[in-house]
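# I would like the atomic coordinates for the input below:
(one chain, ligands or ions: 2)
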Amino acid sequence: MYLYMIICIIGSGGREHSICKTISLSSKISKIYCMPGNAGTQLLAENIELDINDFEKVLKFLKKIKVDLVIVGPEKPLVNGIVDYLEKNNIKVFGPRKIPSQLEGSKTFTKNICKKYNIPTANFGIFEKKENTLDFLKNSKFPIVIKADGLAAGKGVYISKNFSEAKEAVDEIFDGKFGEAKKILVEEFLNGEEMSFFIVCDGKNFKLFKTAQDHKRVNEGDEGKNTGGMGAYSPSGLINKDLENKIIKKIILPTLKAIEEMGEKYKGFLYAGLMILNNEPFLIEYNVRMGDPECQTILPLLKTDLIDICDACCNENLENINIEWKEEKSLCIVLCSQGYPEKFTNNVKIDNLNKLQLNINDFIFHAGTKKEKNEIFSNGGRVLNFVSLSSSFKSSRERAIKLINQLNWGNGFFRKDIGFKIIDK
Ligand code: AMP
Ligand code: GLY
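Ligands and ions are numbered 1, 2, ... in the order given. Next up is the predicted model:
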């Protein structure tokens, strides 16, 4: 590894700000760029306003700055093959290549692996025609889960209580609400508890990252529309050694074997979205990146240098790295723009951010923000992440809420009940 590396992080959300913050603590960094970044990354890195899906332009810039390592945050460039493209041009990059990224890019790709390798998942059917889907649904038990096949930015999943709701979902998907839909997935509803399980991989070996639980629904009590994530906590209350062993043996190892048998390697973070029923894991979905807001929640717990981890993955020597964690309980609350995930207003000024007195265990990660003439404005539905570490989830939550109240942003709203299953039971 070079000392004093030049790093470029690709992405602009809370996840990328937390990656930026974590690697800024490394002694091996000389400069960080963030493409395109937000008002938070701008405090630690140089933001570069470039379309991250225009790989040629991205490459040209990375060559110009003589980048030592690129870290890709979001799924879209991964699924579109940014890693293959940069590697072909001799750029070191942390993240999976295009084919293994299909684990997130195509639900049918993942389901077919589950079938072939006996990975526990919800029973499913894959359909290509509306009529066949509806015929199948007429004879199904409800609730049932209906999913668009491709990337749908956390949307594109319907839990339908009856045939008429299911028909509406099928119509929306085939009518192109989430882009052209060639395939649709109909899935058994699993009535368990969710958990986000993360590993990091170098193509030969993998190490566990922390677990987390996120809250995807917009309203308290996990009600209402799905969002990108309203908050999270880590570690998950469901994890235990027995469950961890089952997840590795029944889900992670067969998946990595499947990728290997395709002649591919998995490098980067892998995020398994699981449903746990009676201490048994079922795979709901894979993501080929860190979760957002799970990343913001987990990284403040990391003791090991993140640059060492990412670099070791690129060099296929992760086995030499010992990943260490703090013992605290981490909890993140997302402050959103009023109206999210439906219509909301951008460009609302956020005062008071500089006035907040943060302790060593408090973190504010920007998501949808931008800086103009030294002032911060909102620039998205999910605006700021408030993360706090302490000896209990309850006090971490109280602290995060206190900071949000101190900020007192008029256009914001947030869920006060993040972690309710573990705190308020
Ligand atoms: P996904 O985008 O696949 O993570 O799905 C979004 C959300 O829908 C998940 O976080 C779950 O809450 C729910 N979900 C997806 N598939 C199922 C299933 N088979 N059974 C129950 N809930 C599901
Ligand atoms: N928090 C869910 C996700 O990142 O997909």
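
# so where do the strands sit in the stretch 101-250 of the chain?
For the stretch 101-250 of the chain, applying DSSP state E, counting those that start in this stretch gives strands covering 124-127, 144-148, 157-160, 184-188, 193-202, 206-214, 217-219, 223-226, 231-234.

# keeping just the C-alphas, turn the last one into PDB.
Backbone C-alpha positions of strand 231-234 (Å, rounded to 0.1, in the frame of the first residue of the first chain) are rendered in PDB as follows:
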ATOM      1  CA  GLY A 231     -33.400   5.400  10.700                       C
ATOM      2  CA  ALA A 232     -31.400   2.400  11.900                       C
ATOM      3  CA  TYR A 233     -29.700   0.900  14.800                       C
ATOM      4  CA  SER A 234     -26.700  -1.400  15.200                       C
END
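
# partner strands of that strand, with direction?
Strand 231-234 has its sheet partners listed here by DSSP bridges as strand 206-214 (antiparallel), strand 329-337 (antiparallel).

# a markdown table for those, including mean pLDDT and mean neighbour count?
The C-beta positions use only the backbone N, C-alpha and C, and glycine is treated the same way. Listed next are the strands paired with strand 231-234 as a markdown table, based on pLDDT from 0 to 100; neighbours: other C-beta atoms under 10 Å:
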| stretch | mean pLDDT | mean neighbour count |
| --- | --- | --- |
| strand 206-214 | 97 | 22 |
| strand 329-337 | 98 | 28 |
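
# which one of these lies closest to ligand 2?
strand 206-214 (4.4 Å; C-beta to the nearest ligand atom).

# that closest one and ligand 2 in contact?
Yes: Strand 206-214 reaches ligand 2 (C-beta under 6 Å from any ligand atom) through Asp214.

# now the angle from that strand to strand 193-202?
Inter-element angle recorded for strand 206-214 and strand 193-202: 150 degrees (by axes from the mean of the first three to the mean of the last three C-alpha atoms, to 10 degrees).

# and the residue nearest to Cys8 when sequence neighbours are not counted, how far from Leu78?
Nearest residue to Cys8, sequence neighbours excluded (C-beta to C-beta, 6 or more residues apart in numbering): Tyr33, at 4.4 Å. According to C-beta to C-beta, to the nearest Å, Tyr33 and Leu78 sit 18 Å apart.

# for Ser392, same thing?
Noted for Ser392: a distance of 36 Å to Leu78, by C-beta to C-beta.

# more crowded one of those two?
Shown here are Ser392 and Leu78; by other C-beta atoms under 10 Å, Leu78 has more neighbours (26 against 13).

# the residue nearest to Ile350 when sequence neighbours are not counted and Gly419: what is the separation?
Nearest non-adjacent residue to Ile350, counting by C-beta to C-beta, 6+ apart: Ile376, 4.6 Å away. In this view, Ile376 and Gly419 are 27 Å apart by C-beta to C-beta.

# same check on Ser392?
According to C-beta to C-beta, Ser392 stands 10 Å off from Gly419.

# who's in contact with whichever strand or helix holds Cys20?
Element membership for Cys20, per DSSP states H and E: helix 14-24. The contact list for helix 14-24, computed with C-beta atoms under 8 Å, 6 or more residues apart in numbering, reads 7, 9-11, 29, 32, 34, 37-38, 40-41, 44-45, 71, 73-74, 289-293, 295-296, 299-300, 302, 306-307, 334, 363, 365-367, 382, 384-385, 387.

# my guess is Lys246 contacts Pro281. True?
Yes: using C-beta atoms under 8 Å, Lys246 is in contact with Pro281, at 5.6 Å.

# out of those two, which sits in the busier spot?
The neighbour count for Lys246 versus Pro281, taken as other C-beta under 10 Å, is higher for Pro281 (26 against 16).

# what secondary structure does the more buried one sit in?
Secondary structure state of Pro281, per DSSP: H, G, I helix; E, B strand; the rest coil, is strand.

# correct me, but it touches Ile251?
Yes: the criterion here is C-beta under 8 Å, and Pro281 meets it with Ile251 at 6.0 Å.

# shared neighbours, these two?
Residues within reach of Pro281 and of Ile251 at once, by C-beta under 8 Å, 6+ apart, are 120, 274.
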